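> Any chance you can model this:
(one chain, ligands or ions: 1)
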Amino acid sequence: MTGSEGDELALARASGVLTDPESLGSPVVAVVGATGLVGQEMLRVLDERDFPMAGLKLFASERSRGRPIEFRGKTYEVDVLSEESFRGIDLVLMEVESPISREWAPVAAEAGATVIDNSSAWRMEEGIPLVVAEVNPEDLQGHRGIIANPNCTTMTLMPVLAPLHREFGVRRAVITSLQSVSGTGQAALRELEKQALRFLDRPSGLRRAGVDGGYEAGEIYPKPIAFNVIPQCDDFADEVRTKEEVKLVAETHKILNDDSIGVIATCVRVPVEVGHSLSVVVEFNRPVHVEEALDVLADSPGVDLFVGSEYPTPLDVAGTDDVCVGRIRPDTSSEGGLAIWVCGDNLRKGAALNCVQIAEVLLDQGWLKPS
Ligand SMILES: NC(=O)c1ccc[n+]([C@@H]2O[C@H](COP(=O)([O-])OP(=O)(O)OC[C@H]3O[C@@H](n4cnc5c(N)ncnc54)[C@H](OP(=O)(O)O)[C@@H]3O)[C@@H](O)[C@H]2O)c1
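Predicted coordinates for the structure are as follows:
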């Protein structure tokens with residue numbers, strides 16, 4: 001063992017990080033929000049992709065303190081965050097709400113760790129890379145300790161829109177997203193399940209609130225989500241746009257490094273458990289034929305192409321890695337535009353998978369340590 005390996009082992013042991021001496025040289029990883037929907041998916045993805053790690057720490061809220069979680073045959077106890085939590089940690093995968101990330105990501109970065117954050121806290125900060133692994137991995141170079149993972153809706157679109165933009169130049173995109181309830185976390189899943197059971201229990205054959213009333217909203221969404229669709233994701237940012245719609249526009253511009261693209265979005269919550277879908281009408285700088293778009297997308301990483309009358313649904317894609325695209329057809333209302341249908345798993349590519357892919361790029365390129 002070299003001197004620096006000995007130091008590393010001593011530091012890791014001193015900081016209470018369970019370290020596998022065989023894996024020295026690999027990062028010691030912390031998952032913050034390990035009991036949540038994204039956190040649980042993160043552990044699955046890390047394991048499936050055989051992500052190298054010399055140690056693992058799991059964090060969540062006070063209510064999960066001490067909860068045992070199995071990972072690669074070992075049991076880890078969930079801890080709560082403190083000023084000392086990030087000692088000896090190289091990589092923090094953070095999947096908590098924005099205010100918690102705002103508080104703790106700088107503490108982790110200050111302690112020398114690199115944070116890949118899933119919340120919206122850092123995405124639009126100047127100097128913080130906002131990265132889709134297949135699209136703009138070069139933006140990771142020179143990071144300063146905090147890296148942002150895009151919103152799950154933006155993420156579902158980017159592996160499809162970015163290669164089309166590179167090839168043809170996207171002038172304008174009209175987007176309607178149909179977003180699953182898991183995008184709002186585990187409490188939203190419970191709300192959908194409870195409401196669906198309660199509404200099914202009602203005697204009426206047709207569920208029509210306008211006739212027989214009694215379909216109250218729950219605590220997470222402003223309207224009932226079971227047997228309904230809600231054209232509001234997240235709170236309103238101003239009088240006309242929701243925060244989700246604002247994020248989709250701003251993040252698209254930042255990732256594609258092009259503020260000139262016109263984007264108008266309507267983000268809709270639907271009673272689907274997992275998987276976000278988007279209907280997208282795209283106009284380009286020149287007319288684009290369907291065959292040209294198919295050629296580009298067939299060679300695009302992270303994209304699974306459906307042709308003809310085949311198409312993906314959110315249920316099909318839930319639990320898979322690629323973003324799936326189908327129903328590509330001419331926009332007959334404008335010259336040379338295209339209408340496109342896209343589906344992706346919001347918990348995997350929309351969150352956990354992209355984080356792990358970013359971490360893999362950092363390791364491959366030797367960019368893990370902040371500049
Ligand atoms: N769900 C998605 O599709 C998706 C996609 C992209 C990004 N995101 C973002 O990822 C983040 C997590 O989303 P989620 O869907 O996984 O939410 P979730 O299922 O509600 O999980 C939230 C996690 O945060 C933990 N937590 C709460 N307070 C904490 C504290 N004070 N300290 C440490 N951990 C704390 C919770 O622990 P307890 O279990 O102990 O309460 C839980 O592990 C959010 O910022 C969300 O916007 C989500």
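> Now do the contacts for whichever residue of the stretch 51-200 of the chain sits closest to the ligand.
In the stretch 51-200 of the chain, the residue found nearest to the ligand is Gly185; the distance is 2.9 Å by Cβ to the nearest ligand atom. Bear in mind the C-beta positions are built from the backbone N, C-alpha and C, glycine included. When contacts are counted by Cβ atoms under 8 Å, 6 or more residues apart in numbering, Gly185 touches Gly36, Leu37.
> how about 6 Å then?
With Cβ atoms under 6 Å, 6 or more residues apart in numbering as the criterion, the residues that contact Gly185 are Leu37.
> next one: Ala34
Taking Cβ under 6 Å, 6+ apart as the definition, contacts of Ala34 comprise Leu58, Ala60.
> if we go to 8 Å?
Ala34 is in contact with Gln40, Met42, Leu43, Leu58, Phe59, Ala60, Ser64, Ile69, Val78, counting by Cβ under 8 Å, 6+ apart.
> quick one, what contacts the second one?
Shown here is Met42, whose contacts under the criterion Cβ under 8 Å, 6+ apart are Val31, Ala34, Leu93, Glu95, Ala351, Ala352, Cys355, Val356.
> helix/strand/coil for the first one?
In other words, Val31. At Val31 the chain is in strand, as set by DSSP: H, G, I helix; E, B strand; the rest coil.
> And the pLDDT for it?
The predicted local confidence for Val31 comes out at a pLDDT of 98.
> Would you mind measuring from it to Glu77?
Counting by Cβ to Cβ, to the nearest Å, the gap from Val31 to Glu77 is 13 Å.
> any shared contact partners between the two?
With Cβ under 8 Å, 6+ apart as the test, Val31 and Glu77 both reach Leu58.
> Could you tell me which residues of the stretch 201-350 of the chain lie near the ligand?
Residues of the stretch 201-350 of the chain found near the ligand, taking Cβ under 6 Å from any ligand atom as the criterion, are Asn346, Leu347, Gly350.
> Let me know how buried the second one is, in neighbour terms.
What it means is Leu347. By other Cβ atoms under 10 Å, 27 other residues sit near Leu347.
> what about whichever residue of the stretch 1-150 of the chain sits closest to the ligand, neighbour count?
Closest contact between the stretch 1-150 of the chain and the ligand, by Cβ to the nearest ligand atom, is at Gly36 (2.1 Å). Residues near Gly36, counting by other Cβ under 10 Å, number 23.
> Report pLDDT for it.
98.
> Spit out the contact partners of the residue of the stretch 201-350 of the chain found nearest the ligand.
Residue nearest to the ligand within the stretch 201-350 of the chain: Asn346 (3.7 Å; Cβ to the nearest ligand atom). When contacts are counted by Cβ under 8 Å, 6+ apart, Asn346 is found next to Cys152, Thr153, Met155, Thr156, Gln179, Ser180, Ser182, Gly183, Val274, Gly275, His276.
> wait, the second one sits on Cys267?
Think Thr153. Yes - under the criterion of Cβ atoms under 8 Å, Thr153 makes contact with Cys267 at 6.5 Å.
> Residues that sit against both of the two, list them.
Counting by Cβ under 8 Å, 6+ apart, the contacts common to Thr153 and Cys267 are Ser177, Gln179, Cys233, Glu244, Leu248.
> isn't the second one right next to Val268, touching?
Spelled out, that is Gln179. Yes - taking contacts as Cβ under 8 Å, Gln179 lies within contact range of Val268: 6.6 Å.
> The two: who's more crowded?
Ranked by neighbour count (other Cβ under 10 Å), Gln179 and Val268 place Gln179 first, with 27 against 17.
> buried set for the strand or helix carrying Met158?
If you go by DSSP states H and E, Met158 is part of helix 152-168. Within helix 152-168, the residues that qualify as buried by neighbour count (16 or more other Cβ atoms under 10 Å) are 152-165, 167-168.
> Those: which ones sit near the ligand?
Among these, the residues within reach of the ligand (Cβ under 6 Å from any ligand atom) are Cys152.
> Show the end-to-end separation of stretch 301-313, please.
Between the opening and closing residues of stretch 301-313 there is a gap of 20 Å (Cα to Cα, to the nearest Å).
> next one: stretch 257-271
The distance separating the two terminal residues of stretch 257-271, taken as Cα to Cα, comes to 33 Å.
> Any stretches of the stretch 1-150 of the chain with poor pLDDT?
Counting by pLDDT under 70, the stretch 1-150 of the chain contains low-confidence ranges at 1-22.
> Contact residues of it facing the ligand?
Within the stretch 1-150 of the chain, the positions adjacent to the ligand are 32-39, 59-61, 63-64, 81, 95-98, 100, 118-119 by Cβ under 6 Å from any ligand atom.
> all helices of the stretch 201-350 of the chain, in order?
209-212, 243-256, 290-298, 314-317 (DSSP state H, counting those that start in this stretch).
> Turn those helices into a markdown table, including mean pLDDT.
Below are those laid out as a markdown table (pLDDT from 0 to 100):
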| stretch | mean pLDDT |
| --- | --- |
| helix 209-212 | 86 |
| helix 243-256 | 98 |
| helix 290-298 | 98 |
| helix 314-317 | 98 |
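> closest to Ala339 out of the ones you listed?
Comparing these against Ala339 with Cβ to Cβ, the closest turns out to be helix 290-298 (9.8 Å).
> Show residues contacting the closest one.
With contact meaning Cβ under 8 Å, 6+ apart, helix 290-298 is reached by 160, 163-164, 167-168, 303, 305, 307, 325, 328-330, 338, 340.
> what's the farthest-apart pair in those residues?
Spatially, the most separated pair among the contacts of helix 290-298 is Val303 and Pro330, at 19.8 Å (Cβ to Cβ).
> More neighbours: which of these two?
When neighbours are counted by other Cβ under 10 Å, Val303 and Pro330 differ, and Val303 comes out ahead with 20 against 16.
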